[in-house]
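*Asks:* how does the following fold in three dimensions:
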Amino acid sequence: MKLLHSALRFRVNYFSDLGRHQVVVWMPGDTPPVDAQMDVGPKIEHEVPIDVFRSDIAPLKQGRFYPSQLLHADDAPGPMFRVKQLNDAHFVANFSHPLQDRIFSIDSGKSDVSTEPIGKVTQLLEWSGMETQYQTPTDFESPDAFAREDESPDAVFYAEPRKLIHVDAVCARRIQALYRTVLPENARVLDLMAGWRSHLPDTVASAVGLGMNAEELADNPQLAERVVHDLNADTKLPFADASFDAVVCTVSFEYLTQPRAIVDDIRRVLKPGGMFVVTLSNRYFPPKVIRLWTQLHPMERMAWVGMLIKSAGFKKVETYVERGLKRPKEDRYADRLAESDPLFAAWGVVP
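*Replies:* Residues are numbered from 1 along each chain as shown. Presented below is the predicted three-dimensional model:
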């Protein structure tokens with residue numbers, strides 16, 4: 001009989017021009033109550049000369065977040081800042097908490113979970129708001145955004161089956177739980193960039209896997225159909241219009257070199273009302289990840305994916321973060337990291 005742990009599921013809720021946002025942190029059941037309107041501090045903005053920023057380390061971009069160490073200054077009023085306005089001579093650095101100018105709420109609920117909750121109250125607002133967008137969208141992409149360390153053909157890199165799960169077992173279960181919550185029941189699902197495991201719930205009717213390695217796809221017990229296809233070589237999906245109720249991409253989006261074209265085509269193969277769901281975490285293959293991914297905070301990665309989904313014409317865009325559960329002891333990083341891999345997700349619905 002598996003031991004269940006008493007837990008509190010705290011959730012921060014807010015909106016931005018991108019859509020709805022949720023940040024969930026699992027905490028021990030005896031965690032004291034949290035104020036539904038926690039204080040995030042005052043508004044702190046400064047106009048800064050452009051040459052104060054260390055542009056030799058990173059490009060300065062509208063809407064991006066940066067650590068204050070990238071400023072030639074010893075008296076920065078906060079550990080990070082967001083670029084609110086930018087011209088050739090100056091930029092406005094916002095050192096406030098990302099939720100300082102937004103309405104947000106915090107709720108909680110009791111639950112018994114199979115994994116020990118170890119989250120802390122400080123995590124509720126630690127990252128919250130970094131994915132929000134203003135009317136002027138964040139300028140994420142540089143000319144080299146989709147360059148990679150290894151530009152050799154992907155067919156060569158993925159020729160040998162790896163049969164890896166790119167998150168720990170706890171995070172994998174949370175991905176499956178999220179899919180169970182957001183995907184329509186009895187859906188025909190396309191698992192994009194699939195491997196030997198899909199993390200789909202038993203509520204889907206059937207799944208088609210599109211991936212790079214035939215042996216891995218053949219070993220995936222959840223797939224009814226299997227298609228080997230290199231999306232970086234050919235962005236057009238080999239399916240008819242309106243073929244699927246949902247498309248998922250699980251911890252693989254960071255390898256796409258032409259993501260805009262692919263997200264556009266994902267909308268084509270979805271039925272009206274169909275969903276595109278992208279789940280992310282913090283592990284990746286360095287040789288094949290796009291350069292942009294290595295330059296962004298995980299919350300900004302999720303925001304960028306959400307912006308791609310919205311710009312492709314999807315509606316009801318949402319982002320979701322979940323963290324605070326204990327890492328399984330058999331995971332290879334268990335001796336260094338106490339907490340399970342975080343889960344990030346973004347999704348939208350075809351109108």
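*Asks:* how much space separates Leu178 from Arg82?
*Replies:* When distances are taken as CB to CB, to the nearest Å, Leu178 and Arg82 turn out to be 28 Å apart. From N, CA and C alone the C-beta is placed, and that goes for glycine too.
*Asks:* try Thr132
*Replies:* Between Thr132 and Arg82 the distance is 10 Å, computed by CB to CB.
*Asks:* more neighbours, the two?
*Replies:* Thr132 (24 against 21; other CB atoms under 10 Å).
*Asks:* can you list the residue ranges for helices in the stretch 1-150 of the chain?
*Replies:* Taking DSSP state H, counting those that start in this stretch as the criterion, the stretch 1-150 of the chain contains no helices.
*Asks:* low pLDDT regions in it?
*Replies:* Per-residue confidence of the stretch 1-150 of the chain (counting by pLDDT under 70) places the weak regions at 1-2.
*Asks:* mind listing the strands for it?
*Replies:* Under the criterion DSSP state E, counting those that start in this stretch, the stretch 1-150 of the chain carries strands at the ranges 5-15, 20-28, 45-49, 65-67, 80-86, 90-94, 104-113.
*Asks:* what's the most buried one of the ones you listed?
*Replies:* Greatest average neighbour count among the strands of the stretch 1-150 of the chain goes to strand 20-28 (a mean of 22), per mean count of other CB atoms under 10 Å.
*Asks:* now do that one: which elements does it pack against?
*Replies:* For strand 20-28, the elements it packs on are strand 5-15, strand 315-323, judged by 3 or more CB pairs under 8 Å, 6 or more residues apart in numbering; DSSP states H and E.
*Asks:* and those strands as a markdown table, adding distance to Leu237?
*Replies:* Shown next, in a markdown table, are those (distance: least, CB to CB, whole Å):
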| stretch | distance to Leu237 |
| --- | --- |
| strand 5-15 | 31 |
| strand 315-323 | 21 |
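*Asks:* how about Pro286, secondary structure?
*Replies:* When states are read from DSSP: H, G, I helix; E, B strand; the rest coil, the local structure at Pro286 comes out as coil.
*Asks:* residues in contact with it?
*Replies:* Residues in contact with Pro286 (CB atoms under 8 Å, 6 or more residues apart in numbering) are 149, 294.
*Asks:* pLDDT score for it?
*Replies:* Among the per-residue scores, Pro286 holds a pLDDT of 95.
*Asks:* and if you look at Ile165?
*Replies:* Model confidence at Ile165 (pLDDT) stands at 85.
*Asks:* same question, the one 5 residues further on
*Replies:* Note for Val170: predicted pLDDT of 97.
*Asks:* with Ser206 instead?
*Replies:* Confidence at Ser206, expressed as pLDDT, is 97.
*Asks:* got phi/psi on it?
*Replies:* Here the main-chain torsion angles of Ser206 (degrees, to the nearest 10) amount to phi -160, psi 160.
*Asks:* now swap in Ile262 and tell me
*Replies:* Summarising the backbone geometry of Ile262 under the convention degrees, to the nearest 10, its torsions are phi -70, psi -40.
*Asks:* these two touch, right, it and Ser252?
*Replies:* No. Counting by CB atoms under 8 Å, Ile262 does not reach Ser252; the two are 11.4 Å apart.
*Asks:* gap between Leu308 and Leu343?
*Replies:* 19 Å.
*Asks:* which of those two has more neighbours?
*Replies:* Leu343 (25 against 22).
*Asks:* got a list of what the more buried one touches?
*Replies:* Residues in contact with Leu343 (CB under 8 Å, 6+ apart) are 167, 171, 174-175, 178, 279-281, 320-323.
*Asks:* show me which pair in those residues is furthest apart.
*Replies:* Checked with CB to CB, those reach their widest spread between Val167 and Tyr320, with 15.1 Å between them.
*Asks:* which ones are touching the closest residue to Thr132 other than its chain neighbours?
*Replies:* Sequence neighbours aside, Ser16 is the residue nearest to Thr132 in space, at 3.6 Å (criterion: CB to CB, 6 or more residues apart in numbering). Applying CB under 8 Å, 6+ apart to Ser16 gives the contacts 102, 131-134.
*Asks:* from those, list just the buried residues.
*Replies:* Buried by 16 or more other CB atoms under 10 Å: 131-133, out of these.
*Asks:* possible to save those as JSON lines with distance to Gln258?
*Replies:* As requested, those are arranged in JSON lines below (distance: CB to CB, whole Å):
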{"residue": "Glu131", "distance to Gln258": "23"}
{"residue": "Thr132", "distance to Gln258": "26"}
{"residue": "Gln133", "distance to Gln258": "22"}
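*Asks:* neighbours around Trp293, how many?
*Replies:* Burial measure for Trp293: 20 neighbouring residues, criterion other CB under 10 Å.
*Asks:* break the chain into its domains for me.
*Replies:* Listed by automatic domain parsing, the domain ranges of the chain are 1-39+99-351, 45-94.
*Asks:* out of those domains, deepest packed?
*Replies:* Looking across the domains of the chain with neighbours counted as mean count of other CB under 10 Å, the highest average goes to domain 1-39+99-351: a mean of 18.
*Asks:* distance from the chain centre to that one, please.
*Replies:* Centroid separation for domain 1-39+99-351 versus its chain: 5 Å, with CA atoms, centre = their mean, to the nearest Å.
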